Every structure is written in structure tokens, then in C-alpha cells.
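Undergrad: I would like the atomic coordinates for the input below:
(one chain, ligands or ions: 1)
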Amino acid sequence: MSSPRVALSLDGPVAHVVLDRPEARNALDGEMVRELADAVGAASARDDVRVLVLSGRGSVFCAGADLEWMKTAGSFTDEENLADARALFDLFQAVDRSPKAVVASVQGAALGGGAGLGAVADVVVAEEGARFGFTEVRLGLVPAVISPFVVRKIGASAARELFLTAGRFTAARAASIGLVHHVVRLHDLDAAVDERVGELLRAAPGAVAAAKALVRSVAGPPAESLREFACRVIAERRASKEGREGLRAFLEKVTPDWDPGRGRISG
Ligand code: COA
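TA: Predicted coordinates for the structure are as follows:
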């Protein structure tokens, strides 16, 4: 039950969904989005599965959307560009709406869509060195697709600061805004995840699904009502002058033209 970029394995009632593209820091490109959505869908549909554990192989949990993929999508037709954005939105929604409890295990970094995956998990365990960030505006983009899920999770105040500054923040800060629930030492990460899974297995499966649906219902407008709006925003952004410049700069490992540090020799 595995595929090239995402590995799905079962351990009794626990489904392990592993992002398996460490050479690109588990960045989400079109293929990976499809495979991840398939794995989450398959695990969520099984009666014998009660908990999904989402993790990333290698040094980093997930570096967010694949910026090469984003750059390519920016030169697609409007409809193709929108279709890509919808596929990404539907992945977050599939995790968000899974009737199973979802635990995310975060090491290294969770940036952009990686932080978005944390936002749609029910329980997030992070190692103390993990860094989080909504880096999109430094790339000329905006965290549009993840925004309905993230703003619901961390609130508008934290979102305004973090979306606008794009600053990277610690696991402790992530815990203080509700994006992370447990911060542990790196070598305790797997044990801490197992402990959370053990707790979740003591809960009645039907009640877990009902409790998730309950929180979604009372927490604000359903994310799907913002799907078209959020997808339109990112599709326009990645085709924009700033979006193209930001993605070019990232991929060429240079600073974009709006960055005051441009041209300076600094560390
Ligand atoms: N999209 C595409 N490729 C990415 C990527 C992304 N989001 N994040 C990392 N990569 C690639 C790098 O370009 C590099 O490729 P190369 O080996 O061909 O040069 C490779 O993954 C390793 O990245 P590197 O930066 O050398 O790894 P690191 O371990 O030092 O740092 C990160 C890891 C995640 C902290 C760093 O890669 C990073 O900040 N990435 C950008 C993440 C981001 O802003 N995401 C938001 C997207 S909206």
C-alpha cells in the first residue's frame, strides 16, 4: 500500500501516512497532492482504521507547496491554474473532514502548506526545534488556500501578524497560538505521538467522528464556502508580477526585487 511520494501503512487501527519526498523537504507538488489525498481518502474510508498519523520522512515535516509546481501553474491557463488550487484545497479539506482522528508529527519545519497540514490535524505534536511559518508573502504569494483552515485554528490576530510578516516561529510560539498541542524533544517525538494515539484509541470511534463534526459546525463558516474565493486568490497571485518574481527568486536562490537586502552581501 505505498506509492512513490506518499507511503500508507496500517498498524492495526492506526494508519500511517508518510510524506516521502525528503529530497525536496516533502514539498507538495501536483503528484504528491494526488497521492496524499488518495492515502487520506483510503485510510478514512476503512472501518478498521481509527487514527491517522501524518508524518514526513527526513529532516523536515513539510516545506509547503512545491514552488516549482507553483511557478509552472502560474503560466497555465486560468482554468488549469484554478484546478490545481482546488486540488490543494480539497486535500486540506479531506484531512479536515476525515471522520478519523488525525495526529500530525512535526520535525524540522512546517511552512506554508506544511503548517496548513498542521492546522487541519486534530492533534499536533512537534519537536522543540521545529520551525513554522506562513512564508508566502516573501514569495509574492498569499496563504490563500490554507487560510480558511488556519484562521479558524489560530484566529485573525495571530494570522494577521504571521501572514503579513511571514516570519518563522518556534514550536513554543506555535503552541501558544493553538497550531501545536504538544512540544517535545526530538528523540521523544515518536513516543509522544504513540501516547496521543493511545489516548485516542480509548475514545469511541463514532463519538470521535461526531466530536470532529461538532467542532467544525460551531467553529465558524464551513471551509468549503470559501473554496472558490481562496482558490481564485492564489491562482491570481501566482500568475501576478510579484508572484512570478518571488517564485523565480526562490528557485534561482536570489532575493526578489522588492527585498531591501537585494544586492547586499550578507549572511
Ligand atoms: N518547493 C520546492 N522545492 C523546495 C521547497 C519548496 N517549497 N522547499 C525546499 N525545496 C527544495 C530546495 O529548493 C532544495 O532543492 P535543491 O536540492 O535542488 O537545491 C531542496 O528542497 C532542499 O532545500 P534546502 O533549503 O537546501 O533544505 P534545508 O533543509 O536547508 O531547509 C527548509 C529546509 C524547508 C527550511 C527550506 O528549504 C525552506 O525554507 N524552503 C521554503 C519553504 C517555503 O517557503 N514554503 C512555503 C511555500 S508557499
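Undergrad: and the least confident helix or strand in the chain by mean pLDDT, is it in reach of the ligand?
TA: Here the helix or strand of the chain ranked lowest by mean pLDDT, DSSP states H and E is helix 67-74, holding a mean of 87. Yes: counting by Cβ under 6 Å from any ligand atom, the ligand is contacted by helix 67-74 at 67, 68. Heads up, the C-betas are built off the backbone N, CA and C, glycines and all.
Undergrad: where exactly do the strands run in the stretch 1-150 of the chain?
TA: Per DSSP state E, counting those that start in this stretch, the stretch 1-150 of the chain carries strands over the ranges 6-11, 14-19, 51-56, 101-106, 109-111, 123-127, 131-133.
Undergrad: out of those strands, which comes closest to the ligand?
TA: When the strands of the stretch 1-150 of the chain are compared by Cβ to the nearest ligand atom, strand 109-111 sits nearest the ligand, at 4.0 Å.
Undergrad: if we can go back for a sec, would you list the strands of the stretch 1-150 of the chain in TSV and tack on mean neighbour count and mean pLDDT?
TA: As requested, these are exported to TSV (neighbours: other Cβ atoms under 10 Å; pLDDT from 0 to 100):
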stretch	mean neighbour count	mean pLDDT
strand 6-11	17	98
strand 14-19	23	98
strand 51-56	26	98
strand 101-106	26	99
strand 109-111	26	98
strand 123-127	26	99
strand 131-133	23	98
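Undergrad: And what about residue 217, helix, strand or coil?
TA: Under DSSP: H, G, I helix; E, B strand; the rest coil, residue 217 falls in the helix class.
Undergrad: Any idea how many residues pack against it?
TA: Other residues lying near residue 217 total 9 when counted by other Cβ atoms under 10 Å.
Undergrad: mind listing what it touches?
TA: Residues near residue 217 by Cβ atoms under 8 Å, 6 or more residues apart in numbering: none.
Undergrad: try residue 21
TA: Residue 21 sits next to 5, 27, 32, 57 when contact means Cβ under 8 Å, 6+ apart.
Undergrad: try residue 143
TA: Neighbouring residues of residue 143 by Cβ under 8 Å, 6+ apart: 112, 116, 134, 136, 150, 163.
Undergrad: Turn the buried ones among the contacts of residue 21 into a named ChimeraX selection, would you?
TA: A single ChimeraX command selects the buried members of the contacts of residue 21 (16 or more other Cβ atoms under 10 Å):
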select :5,27,32
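Undergrad: Please report how far the nearest residue to residue 222 once chain neighbours are set aside lies from residue 120.
TA: Closest residue in space to residue 222, ignoring its immediate chain neighbours: residue 216 at 6.9 Å, by Cβ to Cβ, 6 or more residues apart in numbering. Plainly put, residue 216 is 11 Å away from residue 120 if you go by Cβ to Cβ, to the nearest Å.
Undergrad: higher neighbour count, the two?
TA: Between residue 216 and residue 120, counting by other Cβ under 10 Å, residue 120 is the more crowded of the two (25 against 14).
Undergrad: what residues are up against that one?
TA: For residue 120, the contacting residues are 92, 93, 95, 96, 102, 149, by Cβ under 8 Å, 6+ apart.
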